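Asker: Sequence and computational prediction follow.
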Amino acid sequence: MPECTAQLVETGACSDRDVAAAANQTGVARRPSRLGALMKRLAAVLSLLVALALVCYADEAGWARYRVFVPNDAAAQRLTDSSLPLFSDNVTLGFTDVIAGPEHQKELNHLGLPYFFVQALPPPGPTMWAQSGDYRSAYFPLDAIIAQYEQWRQESPTWVTRVNAGTSWEGRAVWVYRLREPSTPIPPRSVVLQAGIHAREWISPSVVMHLFNNLRELAQTSIMHRWLINEVEVCAFPVLNPDGYEYTWTTNRLWRKNRRNNGSSYGVDLNRNYSVGFGGGGSSGNPSSDTYRGPSAFSEPETRAVRDFVATLPNLVGFIDYHSYGQLILWPWGYTTNSPPDRDELDRIGRMMEQEVESAYGADYRQGQTSTTLYLASGVSNDWAYGVYRVPGLAIELRDRGTYGFRLPPDQIRPTQHENYLAFEAYLIDLVR
Ligand SMILES: [Zn+2]
């Protein structure tokens with residue numbers, strides 16, 4: 001029902017019909033020259049009343065998802081700098097969804113941007129889902145994810161190793177798991193995968209678990225996959241933002257940032273904290289913003305863990321950061337709309353992966369440069385990987401395209417894992433061929 005009423009406000013179609021019917025009943029239709037203007041006025045009034053009713057409804061209900069119209073860069077930056085929690089991974093020109101509770105209504109109205117109600121949300125709280133099953137069918141809390149990687153390490157002690165790359169604000173280890181054939185030539189080529197940089201994007205750690213384990217299992221029986229992990233090692237951060245991820249399980253399912261104490265608010269958006277383009281458009285200096293970039297580049301222990309670990313690799317050749325949602329394969333730059341020097345090559349890789357990911361079930365993914373596909377995003381991890389190491393750094397937005405958003409139902413875990421394994425394998429083969 002909320003979806004339907006949202007469309008009413010967006011298109012005004014039903015209101016127009018109601019207005020026409022009302023006009024006919026009152027005999028106004030006999031004066032066609034004035035009818036159009038009258039209908040328009042009535043439609044506007046009705047739309048306003050419906051919108052007000054929806055806002056009141058949302059107020060009463062507490063928390064809701066709203067769709068904000070973002071017509072230009074200035075509006076996008078205003079939204080970026082606001083304290084409104086996003087219900088999107090990025091502020092996007094066109095429309096961006098936000099979350100507003102009773103305390104956000106004033107700020108939502110003061111943005112000065114048209115918006116409409118999409119759906120009621122439960123108040124911030126821990127997940128209500130019963131979690132049971134394996135990692136192909138259920139989301140795992142932090143401890144279970146690490147325990148799963150540990151099991152794989154015990155099963156394949158010569159192939160799987162791990163490194164403690166850093167310690168989060170709340171004292172949790174930032175692990176990296178490495179998969180490679182012991183006979184890999186030295187220096188090995190390495191691909192880095194980041195999962196869970198944004199806490200609420202639960203499908204990201206789920207997918208990276210599958211990329212890692214499926215390749216491990218295939219390499220035990222398939223000569224081709226054995227060759228692949230001999231050619232390139234895979235280094236996976238299972239959950240790069242462990243404090244935030246834990247917080248989404250215990251306290252607020254829709255938390256995005258890490259858990260740095262900013263004084264009057266919490267959290268830095270780790271994917272605005274990398275050095276390339278740090279401080280630019282699509283990031284915010286407001287600590288309450290969901291895209292707060294932090295006091296300086298690499299101010300956060302979690303991003304420093306990536307920077308310092310990657311510095312130990314003799315030959316980084318690839319980098320993918322997994323996010324949700326949107327079904328997008330994004331390549332540099334995010335911080336500027338200028339084309340990257342290797343634009344054609346990145347576009348080729350993007351197209352190849354788009355084709356692979358869609359080949360499984362026909363799920364519609366799009367590919368392109370971050371800044372021109374969405375809006376500016378500065379200080380993001382894949383700009384850093386590309387800018388510093390000149391490797392094809394990607395940010396992949398997993399399922400879905402907004403119906404469930406961050407609360408992707410568990411029955412979509414398996415297909416999302418499978419289709420993205422195909423794209424990932426194609427990426428690896430392309431790098432080493
Ligand atoms: Zn994200």
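Answerer: Yep, that arrived.

Asker: Which strands or helices does the helix or strand harbouring Val68 pack on?
Answerer: Using DSSP states H and E, Val68 sits in strand 63-70. Packing partners of strand 63-70 (3 or more C-beta pairs under 8 Å, 6 or more residues apart in numbering; DSSP states H and E): helix 73-81, strand 94-100, strand 115-121. Heads up, the C-betas are built off the backbone N, CA and C, glycines and all.

Asker: Throw those into a markdown table and include mean pLDDT, distance to Thr127 and mean neighbour count, thanks.
Answerer: Listed next are these as a markdown table, based on pLDDT from 0 to 100; distance: least, C-beta to C-beta, whole Å; neighbours: other C-beta atoms under 10 Å:
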| stretch | mean pLDDT | distance to Thr127 | mean neighbour count |
| --- | --- | --- | --- |
| helix 73-81 | 97 | 27 | 19 |
| strand 94-100 | 96 | 16 | 20 |
| strand 115-121 | 94 | 13 | 20 |
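
Asker: and Arg178, helix, strand or coil?
Answerer: The three-state assignment at Arg178 reads strand, by DSSP: H, G, I helix; E, B strand; the rest coil.

Asker: Note down every partner strand of the strand holding Val68 and its orientation.
Answerer: Applying DSSP bridges to the sheet, strand 63-70 is found paired with strand 94-100 (antiparallel), strand 115-121 (antiparallel).

Asker: Which one of these lies nearest to Asn271?
Answerer: Proximity to Asn271 (C-beta to C-beta) singles out strand 94-100 among these, at 16.1 Å.

Asker: Can you name the residues that contact Ile146?
Answerer: The contact partners of Ile146, taken as C-beta atoms under 8 Å, 6 or more residues apart in numbering, are Trp175, Pro238, Val239.

Asker: Likewise for Arg256?
Answerer: Arg256 neighbours (C-beta under 8 Å, 6+ apart): Pro85, Leu86, His198, Ala199, Arg200, Gly244, Gly267, Asp269, Asp290.

Asker: Go through the contacts of Ile146 and say which is closest to the ion.
Answerer: The ion has its nearest neighbour among those in Val239, at 13.0 Å by C-beta to the ion.

Asker: count of residues packed around that closest one?
Answerer: When neighbours are defined as other C-beta atoms under 10 Å, Val239 has 30 of them.

Asker: helix, strand or coil for it?
Answerer: coil.

Asker: shouldn't it be in contact with Ala195?
Answerer: Yes: under the criterion of C-beta atoms under 8 Å, Val239 makes contact with Ala195 at 6.1 Å.

Asker: what residues do these two have in common as contacts?
Answerer: Counting by C-beta under 8 Å, 6+ apart, the residues touching both Val239 and Ala195 are Pro205.

Asker: picking up where we left off before, nearest to Gly171, out of the helices and strands packed on strand 63-70?
Answerer: Among the helices and strands packed on strand 63-70, strand 94-100 sits nearest to Gly171 (C-beta to C-beta), with 28.7 Å.

Asker: just the angle between that closest one and helix 73-81, please?
Answerer: 20 degrees (axes from the mean of the first three to the mean of the last three C-alpha atoms, to 10 degrees).

Asker: who does Gln369 bridge with?
Answerer: Beta-bridge partners for Gln369, by DSSP bridges, are Trp331.

Asker: which ones are touching it?
Answerer: Applying C-beta under 8 Å, 6+ apart, the residues near Gln369 are Leu330, Trp331, Pro332, Trp333, Thr337, Ser339, Pro340, Arg343, Leu346.

Asker: Next one: it, what pLDDT does it get?
Answerer: With respect to pLDDT, Gln369 has a value of 98.

Asker: do the same with Arg399
Answerer: Looking at Arg399, its pLDDT is 98.

Asker: Pro126 now?
Answerer: Per-residue confidence at Pro126 stands at 79 (pLDDT).

Asker: what about the strands in the stretch 101-250 of the chain?
Answerer: Ranges of strands in the stretch 101-250 of the chain, per DSSP state E, counting those that start in this stretch, are 115-121, 160-167, 173-179, 189-194, 232-237.

Asker: Reformat these as a markdown table; add distance to Gln220.
Answerer: A markdown table is the format used below for the strands of the stretch 101-250 of the chain (distance: least, C-beta to C-beta, whole Å):
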| stretch | distance to Gln220 |
| --- | --- |
| strand 115-121 | 44 |
| strand 160-167 | 12 |
| strand 173-179 | 12 |
| strand 189-194 | 20 |
| strand 232-237 | 15 |
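
Asker: Compare the ones you listed and give me the one nearest the ion.
Answerer: Closest among the strands of the stretch 101-250 of the chain, using C-beta to the ion: strand 189-194, at 10.1 Å.

Asker: The closest one near the ion anywhere?
Answerer: No: against the ion, strand 189-194 shows no contacts by C-beta under 5 Å from the ion, the least distance being 10.1 Å.

Asker: thinking again about what came up before, okay if I get the strands paired with strand 63-70 as CSV plus distance to the ion?
Answerer: Shown next, in CSV, are the strands paired with strand 63-70 (distance: least, C-beta to the ion, whole Å):
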stretch, distance to the ion
strand 94-100, 14
strand 115-121, 18
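
Asker: What subset of the contacts of Gln369 is buried?
Answerer: Leu330, Trp331, Pro332, Trp333, Pro340, Leu346 (16 or more other C-beta atoms under 10 Å).

Asker: so which of the strands paired with strand 63-70 gets nearest Ala76?
Answerer: For the strands paired with strand 63-70, the distance to Ala76 is smallest for strand 94-100, at 7.7 Å, taking C-beta to C-beta.

Asker: From Asp243, how far off is the nearest residue to Pro141 once chain neighbours are set aside?
Answerer: Take Pro141 and drop its neighbours on the chain: the residue closest to it by C-beta to C-beta, 6 or more residues apart in numbering is Trp249, 5.0 Å away. Counting by C-beta to C-beta, to the nearest Å, the separation of Trp249 from Asp243 is 11 Å.

Asker: out of those two, which sits in the busier spot?
Answerer: Asp243 (24 against 19).

Asker: The strands paired with strand 63-70: which one's closest to Glu419?
Answerer: strand 94-100 (23.8 Å).

Asker: Show me the shaky parts of the stretch 101-250 of the chain.
Answerer: Scanning the stretch 101-250 of the chain for pLDDT under 70 picks out the ranges 128-130, 184-187.

Asker: Fine, thanks again, bye for now.
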